[in-house]
Every structure is written in structure tokens, then in C-alpha cells.
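S.K.: next comes the sequence, and after it the predicted model I'd like to discuss.
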Amino acid sequence: GAGVSQSPSNKVTEKGKDVELRCDPISGHTALYWYRQSLGQGLEFLIYFQGNSAPDKSGLPSDRFSAERTGGSVSTLTIQRTQQEDSAVYLCASSLAGGEQETQYFGPGTRLLVL
Amino acid sequence: AQRVTQPEKLLSVFKGAPVELKCNYSYSGSPELFWYVQYSRQRLQLLLRHISRESIKGFTADLNKGETSFHLKKPFAQEEDSAMYYCALADTGRRALTFGSGTRLQVQP
């Protein structure tokens, strides 16, 4: 079946603009994660959705970052008033039920460049 | 707070040589540890997890709680093993993964 998909694959924007990144998880997966990979850094957790529970937003770096998940499926990560330090690859992952032993399946990522 | 450390950014070996990718962690609970791999132009994918005690593509990893390590090993490296390897720890409370900074493995012919 189809894996996790993300769009756009690349995004170039100007400092101060808002951007929206989209993630389509694997069908039937109730858990969805957003991570960020900055140049030379490991993956940094941003936000986690599990079913209808309130999302875990503990990894969001500032209030310019927000995310939503509609209908328990597609998720959108929004970055307002982008800054150059927001340039990174944004990865989305999903897992079946969010258990800590479960495999997380990753999308191809969105490469964001803020000029 | 939990932390995962991969001390080597780059590990270069010749084909047929043994490989050990180091991973150390700090976590107050009982850790769930994973190795993820990213081959060139492919997405990040699970290689193995400690709970399964499995060998995947010839790789094994043993959890050593005394040394807080989860090193990835393979006795004979192959050129197709060249990739970026990430060690990760699952937080039982938060469910998200804490990743190390990654080690690039280069297997030369």
C-alpha cells in the first residue's frame, strides 16, 4: 500500500511569510508525528497526534509553529512569519497506534528554505 | 531528559571489515531503542529494534544497560550498507522518538 506522503517536496519562501506543510499518513494509522531535521543535526521532535486525544505539542520551538490533524488523517504543519533558522527538512511519520515499541513510518520530507 | 549520543559523524571502512556504530543514551526509565537507516535518496526506515533481538541485513545491536549503550554491529560490511544511521530512543510517556545526530557509514570497495 501507499506509504506516508508529504507535500510539497521542496518549498522556498521569503523571511516573514507563512508556510503550510502537508502530511498524509498511512491509512489506518492513528498516530502521527512531525520531526525537523536541521543541517548537521539529528531529528528533532515537534508534535504528536494520537487519535482524538489532545496533541503533544511539547516539541514545538515557538508559537509561530502550529499543527492540526483533520478527521484523524491528514495533518498540516504551519509556520508563521518564517525565519531563516526555520530552514530544515520537515519529516512526518505515522504508526499504527502510537505505542512506544511500534515502527514509525516516515515520509520523504519537505525541504524548506527560508531566504 | 532523555538523550541519545552518536559520537561519530562519519565512519569509513573497507568492504569486508567489521563495523560498529556507537550509540549511548541517557534515560531514567526502561528504554525502548531503535536503529533507523536512511539510504541515499530514500526515506528514513527502521533497521532494527532492541525488543526484537533480531538480525537485519547482518546487523545486530545489543542493549547494555550497565554502559547505557546500544551499539550497532556487523561482522563484514558491504558496499550497500553505506547510509546514514540514526539511533533512537522511545519515550514511554511522550511516544515520540529522541534521535541521535546520526553516523554516516561509508563502505569503500
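M.R.: Great, that's in hand. For clarity, every value in this text was computed on a predicted model and none was experimentally measured. Numbering: from 1, shown residues only, chains lettered A, B, ... in the order given.

S.K.: ok, B:L21 - contacts?
M.R.: Neighbouring residues of B:L21 by CB atoms under 8 Å, 6 or more residues apart in numbering or on different chains: B:6, B:8, B:11, B:35, B:71-73, B:85, B:87, B:103, B:105. C-beta coordinates here come from the backbone N, C-alpha and C atoms, glycine included.

S.K.: ok, the closest residue to B:S12 other than its chain neighbours - contacts?
M.R.: Closest residue to B:S12 apart from its sequence neighbours, by CB to CB, 6 or more residues apart in numbering or on different chains: B:Q106 at 4.3 Å. By CB under 8 Å, 6+ apart, the contact list for B:Q106 reads B:10-13, B:82.

S.K.: on that earlier part again, filter the contacts of B:L21 by proximity to chain A?
M.R.: B:Q6 (CB under 8 Å from any CB of the partner chain).

S.K.: from the contacts of B:L21, pick the one nearest chain A.
M.R.: The closest of the contacts of B:L21 to chain A turns out to be B:Q6 (CB to the nearest CB; 7.8 Å).

S.K.: okay, now the closest residue to the closest one other than its chain neighbours: neighbour count?
M.R.: Counting by CB to CB, 6+ apart, B:Q6 lies nearest to B:G100, which is 3.7 Å off, once chain neighbours are set aside. By other CB atoms under 10 Å in any protein chain shown, 25 other residues sit near B:G100.

S.K.: how close does B:G100 sit to A:E14?
M.R.: 33 Å (CB to CB, to the nearest Å).
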